[in-house]
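> Kindly return the folded structure for what I paste below:
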Amino acid sequence: MSASSRFAVAVHILALLETNANQALSSSSIAASVNTNPVVIRRILGRLNKAGLVHTEYGADGGTRLARSAHEITLNDIYRATENCRILPLHASSPNQDCRCGRTIQPVLSTIFSNAEAAMQQVLANKSLAEVVREMQAQAKPQVGQSSV
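Purely as a prediction, here's the structure:
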């Protein structure tokens with residue numbers, strides 16, 4: 001079972017849109033940055049559009065732009081727009097209810113998992129897209145004594 005990378009790709013997309021705010025970007029140009037197929041980008045853009053995070057204009061001069069300021073978009077907004085499953089799911093099938101462990105494990109894990117997910121979402125809610133872009137720009141600056149190539 002593999003984990004979804006939609007959230008990470010969505011943050012990449014939105015950071016790219018913010019750093020190119022003076023122009024609308026095509027799904028092909030975004031896909032080139034992400035190094036994936038434009039179809040994958042269009043699917044994620046559809047989710048981001050539905051959440052009101054991007055606006056896409058179609059046609060020869062079309063492309064995608066942020067729909068809101070990067071300061072107003074939190075990582076939790078992006079997470080909620082792109083991920084529709086729990087990060088810590090319970091058993092795929094119900095455990096044996098005749099077993100003491102089987103009948104008690106899910107309620108215990110459910111509470112623990114809910115608390116962990118709430119903590120993660122709180123961390124994401126406290127970080128804006130603008131902060132992510134600022135951190136990226138700081139990373140891109142060459143360190144003293146390092147080449148910029």
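
> longest helix of this structure?
helix 100-125 (DSSP state H).

> Show me what whichever helix or strand comes after that helix is packed up against.
Using DSSP states H and E, the helix or strand that follows helix 100-125 towards the C-terminus is helix 129-140. Secondary-structure packing of helix 129-140 (3 or more CB pairs under 8 Å, 6 or more residues apart in numbering; DSSP states H and E): helix 6-19, helix 75-82. In short, each C-beta sits where N, CA and C put it, glycine included.

> For the residue nearest the centre of the chain, give me its contacts.
Closest to where the C-alpha atoms of the chain average out (CA atoms, centre = their mean) is F7, at 2.3 Å. Neighbouring residues of F7 by CB atoms under 8 Å, 6 or more residues apart in numbering: I78, Y79, T82, E83.

> closest to A138 among those residues?
Nearest to A138 out of those is I78 (CB to CB; 20.3 Å).

> Helix, strand, or coil at the residue located most distally from the centre of the chain?
For the chain, the largest distance from the centre (CA atoms, centre = their mean) belongs to D98, which lies 40.5 Å off. Three-state call for D98 (DSSP: H, G, I helix; E, B strand; the rest coil): coil.
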